[in-house]
Structure formats: structure tokens, C-alpha cells
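Novice: Predicted model and sequence below, questions to follow.
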Amino acid sequence: MTSKTLTHLQRLEAESIHILREVVAEAEKPVMLYSVGKDSAVMLHLAKKAFYPAPPPFPLLHVDTTWKFRDMYALRDRAAKSAGMDLIVYQNPEALAKRINPFDHGSLHTDMWKTEGLKQALDQYGFDVAFGGARRDEEKSRAKERVFSFRSANHRWDPKNQRPELWRIYNARKAKGESVRVFPISNWTELDIWQYIYLEGIEIVPLYFAAPRPTVVRDGLTLMVDDERFPLRDGETPEMRSVRFRTLGCYPLTGAVESEARTLPEVIQEMLLTTTSERQGRAIDHDQAASMEKKKQEGYF
Amino acid sequence: MTTQDPIYKTDALIAENIEAYLEAHQHKTMLRFITCGSVDDGKSTLIGRLLYDSKMIFEDQLATLQADSRKMGTQGQEIDFALLVDGLAAEREQGITIDVAYRFFATEKRKFIVADTPGHEQYTRNMVTGASTADLAVILIDARKGVLTQTRRHSYLAHLLGIRHIVLAVNKMDLVDYDRTVFERIRDDYAAFARSIGIADFTAIPISGFKGDNITGLSANTPWFEGPALLPHLEGVEVEDTRDQAGPFRMPVQWVNRPNLDFRGFCGLIASGQVRPGDAVRVLPSGKTSKIARIVSLDGDRDLAVAGESVTLTLEDEIDCSRGQVLVAAQAPLEVADQFEATIVWMDEAEMVPGRAYWLKIGTQTVSATIHAPKYEVNVNTQEHLAKKTLDLNAIGVAVVTTDRQIPFAPYAENRDLGGFILIDKHTNHTVAAGMIHFALRRAQNIHWQATDIGRAHHAAMKNQKPAVLWLTGLSGSGKSTIANIVERKLARMNRHTFLLDGDNVRHGLNKDLGFTEADRVENIRRVGEVAKLMTDAGLIVITAFISPFRSEREMVRGMMQPGEFLEVFVDTPLDVAEGRDVKGLYAKARAGQLKNFTGIDSPYEAPEAPEIRIDTTETSAEEAADLIIARLIP
């Protein structure tokens, strides 16, 4: 008998597909949170594989802040269509009415658009399980989160009261009103994600590749002036710089890195030789120590 | 100083030829391991060191780490690697790891997932969780202290969870001047113990996580040690799925993919063996056979799939097969049974209740199961067997498990996916235990249902009535027996064939061996349920009057009956009203401390959430209550 050694990517893929199918078998109304980033792209690709030849039997949900990069909106609509899935775009009506934005409202921007927006969307549509593309290697408090992470009826996460997760057996049972966040790519690292994108030829937002883009440097972050809503301060003029992004979020909150990496191998090359971690480009984590853990307890993904 | 091994030295290739690097890295394998030890053994320091050496720590993280080290560290001005891996804020303040954390790093040959779990006895469940997915265990020992009680506990748990590769890492060698005799004495002590618990083989390595000796390469400080160093050893160990591939084909069916009438795919993760189109397969437990038609994937049909892969298979014949069933090689079926001996690790704050029904999830199947009183509990430190009536948090014991239907399985020692299960509390939904099947009990295989010619329908038809169970539940003194008696009297006048099972009366005979502990109360209700079931088979209308305080048991009895035959009647009397009546003087005794485990006083009553009938005795008389119940029974 010939034996076949599975590579680390094959084992990760098998595990993720197993998780996706387990949820579909046990949940009443699952949804996949789709943020249009590279992790979402991998998660969506795995969902296509898990349910082929059928399209994935759940919709995509984009909790929109109206401040994402234009390139992200374009890929979002295209990706949902090609997967044959329904796309739900949710914008918190209160944040919309109050014109909440990252320039004037600081952390309220994330709280209202993302944290509150997500809770509202899940409640409004009655989704009981939401897939998310978080990885355990992203940040320390994530390292202890389960693959199936329970939320109380008011969406709170209790890190001290998590269910043990053994073998490949997941307990998806919950009381009425409770919901579960499920992270199918928990065990993937940033490098795994890039290698898989390369190997499988998965389409990602062009912002991950270097190109000349209009930018300003503010408070140590290189920010892209993606549209005319960007309020320039005195003395600021957008300058063309060859930049790319390691993570994608709201464009006024996401720092670019100067780079010449225009192809996937070049991006991976830069990532491997780099000396700063992925989340460093995100303003949200630097607020306070253990900020991510606090945000998660409040219901942030 | 440490001699540098080129394990991580890949910058040159990355810079010169990234395509070649990517090509090489697509063929990496993956190893999952667990580190066992406590903060004192330098466990977090070792993991921090592995991450640091493999460049999984970036400058910004290092800056945070340096700041944290000055603020909270225990290593003076040196970097405290432990702070890097102790994640949650609560833990960092307490200085201990309280949960399972997963860490990642990679070398040229392998990706590693490390389950980092706390070492103290009160965290046995966390270690069991981490060990359940590990291929290898690193048992850490402080060279100054040697083999300790906790070393024995960790080794026992690793072996119990089926980990075949054990590394004995004798740490802090720098603090014993890299003394060869210290290392060899510890190694020999451990060897004697390991043999006694069935560990056939292990690899001992003298290390210093703090200084970096014998981690990536052999250290000049231990010239007497021939190797291997820790990382090269981790890179070379055989991973589990290679072994799983050698067994016969087994795949628990996870999901049936049916996008249209022309396609029916059976999805699942292959637990053992290999599969090719044309292979003869059998569906268990039904036993039906067919052949594999296709292995379907997004990238086109495949001609081979192996253990560890998630696949979609189609069969040549239209046979019944659904989630929870297992597809196996036709010539090598699995055993099927409904009673097992198993090792149980209890993981919940609420202790195990023998006889109570829990959900049991094994593979992709969830069934109802009861656990018998343990045969014994194992002392995790000494491995002695102790007599116990139940298992509480972190206890490990051996018990008989009975499921409500036949399930295909393999002994855990053969296959984790087919022999490992979890138990779920039916009300809190907590994962309360992990279990590992040893073998099926012969009883399950040899006792069959004897078919009788006169069935329950015949019995009921002769009596010209529909059998039912009127299950009255409520506090002591709520009026259950009074109401039950009137109901039976009225039904008798209507020429209905009835039988009244009363709580007190049953305890004089059938259940006189039972007391009032939670476990005995569960058994009391189980027996009454079985009797009531036999009586409904005989065509009777059964009226019961039992406090039956726990939802789980009432649900268990409901599950024994035919759909619609069980009517739960909640005799709702507030505690102060029942206590005020105190017809039998029991509340007074309970308040005086003369009666233990009295419902409502020092034992809980779990009110029904959706009873078929609710009687508010503060507003309804016993006569009216009886009429209400009969109106619901005979509309």
C-alpha cells in the first residue's frame, strides 16, 4: 500500500472543511462574516471546497462601516457573485444617521459600526452561528479562544467559562438566544494564509500588492487618501508612495507599509523578512494593554 | 554557549529565490504537541524560546515584551519569555496559565502547533483537552528536583490520551552545572516509572530553555550528550495520520450533500485507511453495501483519498446513509454496540450523576446515554484505584456507558476519532466529560429484543383506550397525591383502566434500596419510568405522583414513551404555601436539620419549562384540578 504524507496545508484545509460542515449540520441559521480581507478570502474558498458541487448553504454578511477601501467593495460584490452566495450588507442605521466616522469620533467609530453593527445584524436576521476569519496567532488573547466560541444572549464572551474542545468533536448546543462564533481557520498562521492563497490562486484585494498610491503620514501611520472624505490637516498634501497593506480595515485607520512587492511571492518574501507583526498597522490595538480581550468581551469579533 | 544549527537560517534563500523557498515550504508536514509542566519548570520560558528562535516574535511584540518584563517579569533585566505566552489579562496578573493556549511556529521541515496547558492538578481537564489532539508530549522536569508527583500525573495523562511519543525534557541544566550524572539519574528514575504505566519508549533530552542549550542544536555545555536536540527530534517524529492510513477505511458521515436530485455526496473526514473509486463499502449500523463511485472535489475528481482528509464521496447505489452513520471497508466492518466500558474524565463543576441521561457525541453522531456508577476512580498522582460513587471536577474513572441506540465504534487505543466521545449536559449544554471507549460489553451483543405476538396496540385496543402517562410533579405537600387519587377515581367511573404509582408507596417496595441523594433520586425516577412504560405497553393509563425535582429525569421518562403519551402535570404550589400545609411534618424536620436533601430546602426543584398542564393550587381546588387534567386527557 502506498502512503501519502499530508502537508501542513492539506491538514489545515481538512480541519477547516470539517469545522464548516459540522456547523452546517448542527446550526439552524448560519452566516459567514465576510470582511473582504485575505483571511476572509481563504475562509470563503474553503467553504466553496467544503460544499462543492453545491454553493455554500449560507449567506455572506458584511458589517459595513462605509469607510472601507473602494477596492474592497468592488471585490466583495464580485466574490459573492462568483461563489453563488447571497450577500447581506449591514450598516448600523444609528451610526449612519449620526455620520460616525474615524476622523471625528475615535474609538466610537469601531464600537458603533463594527461591534454594535455586528450585534444588530445577527439579531435582526436571527443568525445563530457566525463564521469568522480570526486566527489564534494574531494576538495573545486569541490563542486561548475556542474554535466554537459561545456568546450570551447579549453577545458577551466569557473567557473564564469556555467549553473544553477535545479531538475533532465540537459541542454546538446552545440555549435559545445564545449564539456561537466559529473560527474555521483558528490554527492557520499568517504565512499559512499567504502560502495557501499562492498555491490555490485565490483572488485578493489589489491593496495587498504594492502600487503608487496617494498617502499622508500621520501619527506614525502611513494612511491612504482613498476618497475625498479624507480631511487633510494644515500642511498635509497627499504624496504618491509605493505602498501596500498587510491587513485591511477602514482606510483611515489602516497603516500602509512602503513596499515594492508587486507579486504574491514578493509579498510573501517581504513578510518573511519583516520584523514587525501584522496587527501593528492597526490603530485599534494600541489603545491599551489587553485591548483586544476587552473588546471581545464586549462583543467585538 | 550553544552551537548554532541552521534550522531557521533561511533568510538567504528567501531573499535570493522566493519561488524555490515557497516550493520547498509547500511540502512541510505538521506536528501537534503538548508541553506538560508548571511555570516553575520553565514551561512558558521554553515555549517563548521556541517562538523567539523561530522568529515568531516581531520587533513590536519584543518591545512590548521588554516593557512587560520590566513591569511584571521574574527574570530581572532579562527578557521574561513567559510573559509572551501568558495571554489573558487575568492570568498575567496572577502569574499562572489557566487555560489551553495554542501557539504556532515553523522550521524548515515542519509546522508546529503547541498546546500550552497549566500543570497543576486542578487543571487536569485543560491538560486532557490539550493532549487530545497532540501527536507528542514534552514532559518538563526541573533538573534540580527530578521526577515529581506532577511528572507522574502528566505522563499518565499523556499516555491515557493515546500520545505515542514522549519527550522527557530535563530543564534548567544550567542550574546544575550541566552535570551528566544528574541528567542520567533522572532519566533512569523516569524509565522505571514509565514502564510501570505502559509507556514503551521515550526520548530524554537535557536542556536549558532559559539559556537555549540543546534546543535548536547540540550544546557545547553538554559534550557528553549525543543528541538529538529538541527541535531536530520534533522535526523527525512520525505524525499520527501516517499510522492511521495503514488501517482499514472508516469515515463517519458528517453531512449529506444533495444540491439536486442527481447528486448525493457523503461528506466527512476520513478517520482511517484510504479510499479509491470502485472500493466496496458498507454503511454502519445498517450494514448495507455499495461501491465508491467518485471522490468529488472542486479541483476535479480524485483517484485516492487518505486518513486525515475531508472528502465528498458518491456511491454506485442509492442506499440510505445519513449523518452519524459510518462508511467502512466492506470486508472490515466496525463493531456496533450500545454498552461500553470507558474511561471518563469529568470536566464540569457539577459532579457526574450516575443514571442521568446525557448527550454523548462520538464522531458525527449524538445519542442519549447514561453513565453507571464508576467501577473506580483513578488517583491521577499514584494511579491507585479508589472506590467512588460518582466523579467530580477533574476526576478520572472507569465506568459503564449505555447508549439509547447501537453505535459503530473502535476502541480509543486504535483510533481517536472512532473511540473518543464527549458528554453534554442536556440542560446547561456544557461539555461535562470526555470519554475513551475500551471495549463493548458482551451483554449488549447477547441480549436481543424478543418479539411478542400480542403487541401494545392489541392491548390498548382490548381496553378500548389510548395509553398515557399523567406525570404529576411538584414540591412535597403540593397536592400531587390528592389530585392523582381524584383523577384515578374519576377515570375509574368512566370505565378507564388505570394505575396510580405513588412516590411514597414505591419506596416501600421496588425502590426501598434507594435514599435521597441526587444519584438515588435519578435512579428512583428511572425505575418508575420503566414501570410506567411497561404499563403503557399493557394499555393502561398511568398516573404518577413523584416530586421528580430534576428536568433531566422528567425528560428522560418522556423520551421512554411514545410521542404524545407523556403528559407532564406541574402541580404548582409556592414553597411557603406547601411548607405552611406541611401535612406530613417533613418541612419542620428538614428545617430542623433532621432530614437531608429535602427538595425546596437544601435540594433544588427545577420547575417544568413547558408542561402540558399547569395547576396553580392557590387558585384551583383539587377537584377542579382533576377535571382539568381529565379534560386534557380525554378531550
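Specialist: Sure, I can see it.

Novice: Chain B contacts on the stretch 101-250 of chain A?
Specialist: A:136-137, A:140-141, A:143-144, A:159-160, A:162-169, A:171, A:173-175, A:186-187, A:189, A:191-192, A:195, A:198-199 (CB under 8 Å from any CB of the partner chain). Glycine gets a C-beta too; all of them are placed from N, C-alpha and C.

Novice: and the longest helix for the chain?
Specialist: Assuming you mean chain A. The longest helix of chain A (DSSP state H) is helix A:8-26.

Novice: Switch to chain B, please.
Specialist: The longest helix of chain B (DSSP H) is helix B:518-537.

Novice: Name the residues of it that are buried.
Specialist: Within helix B:518-537, the residues scored as buried using 16 or more other CB atoms under 10 Å in any protein chain shown are B:518-526, B:528-529, B:531-533, B:535-537.

Novice: and the lengthiest strand in chain A, which strands flank it?
Specialist: In chain A, with assignment by DSSP state E, the single longest strand is strand A:211-218. Applying DSSP bridges, strand A:211-218 is found paired with strand A:221-224 (antiparallel), strand A:239-244 (antiparallel).

Novice: Tell me which of those is the most buried.
Specialist: Greatest average neighbour count among those goes to strand A:221-224 (a mean of 20), per mean count of other CB atoms under 10 Å in any protein chain shown.

Novice: for the record, mean pLDDT for whatever helix or strand B:Ile292 lives in?
Specialist: Element membership of B:Ile292 [criterion: DSSP states H and E] is strand B:289-296. Strand B:289-296 shows a mean pLDDT of 94.

Novice: after it, next one along is what?
Specialist: Heading C-terminal from strand B:289-296 (DSSP H and E), you reach strand B:305-306.

Novice: what comes up buried for the very next helix or strand once past that following strand?
Specialist: Under the assignment DSSP H and E, the closest C-terminal helix or strand after strand B:305-306 is strand B:310-315. Of the residues in strand B:310-315, B:310-315 count as buried by neighbour count, 16+ other CB under 10 Å.

Novice: Within reach of chain A, which of these are there?
Specialist: Okay, of those touching chain A (CB under 8 Å from any CB), that's B:310, B:312.

Novice: In JSON lines, list the buried residues of strand B:310-315 along with pLDDT.
Specialist: Below are those laid out as JSON lines (pLDDT from 0 to 100):
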{"residue": "B:Ser310", "pLDDT": "96"}
{"residue": "B:Val311", "pLDDT": "96"}
{"residue": "B:Thr312", "pLDDT": "96"}
{"residue": "B:Leu313", "pLDDT": "96"}
{"residue": "B:Thr314", "pLDDT": "94"}
{"residue": "B:Leu315", "pLDDT": "94"}
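
Novice: Distance to A:Asn101 added to the buried residues of strand B:310-315, as CSV?
Specialist: As requested, the buried residues of strand B:310-315 are exported to CSV (distance: CB to CB, whole Å):
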residue, distance to A:Asn101
B:Ser310, 43
B:Val311, 47
B:Thr312, 46
B:Leu313, 51
B:Thr314, 52
B:Leu315, 56
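
Novice: Among the buried residues of strand B:310-315, which one lies nearest to chain A?
Specialist: Ranked by distance to chain A (CB to the nearest CB), the buried residues of strand B:310-315 are led by B:Ser310 at 3.9 Å.

Novice: how far away is that closest one from B:Ile34?
Specialist: To B:Ile34, B:Ser310 is 24 Å away according to CB to CB, to the nearest Å.

Novice: Likewise for B:Leu284?
Specialist: For B:Leu284, the distance to B:Ile34 (CB to CB) stands at 32 Å.

Novice: what's the answer for A:Met271, then?
Specialist: With CB to CB as the criterion, A:Met271 and B:Ile34 are 29 Å apart.

Novice: ok, now which ones touch B:Leu148?
Specialist: B:Ile141 (CB atoms under 8 Å, 6 or more residues apart in numbering or on different chains).

Novice: redo that, cut-off 10 Å
Specialist: With contact set as CB atoms under 10 Å, 6 or more residues apart in numbering or on different chains, B:Leu148 has these partners: B:37-38, B:40-41, B:141-142, B:154, B:381.
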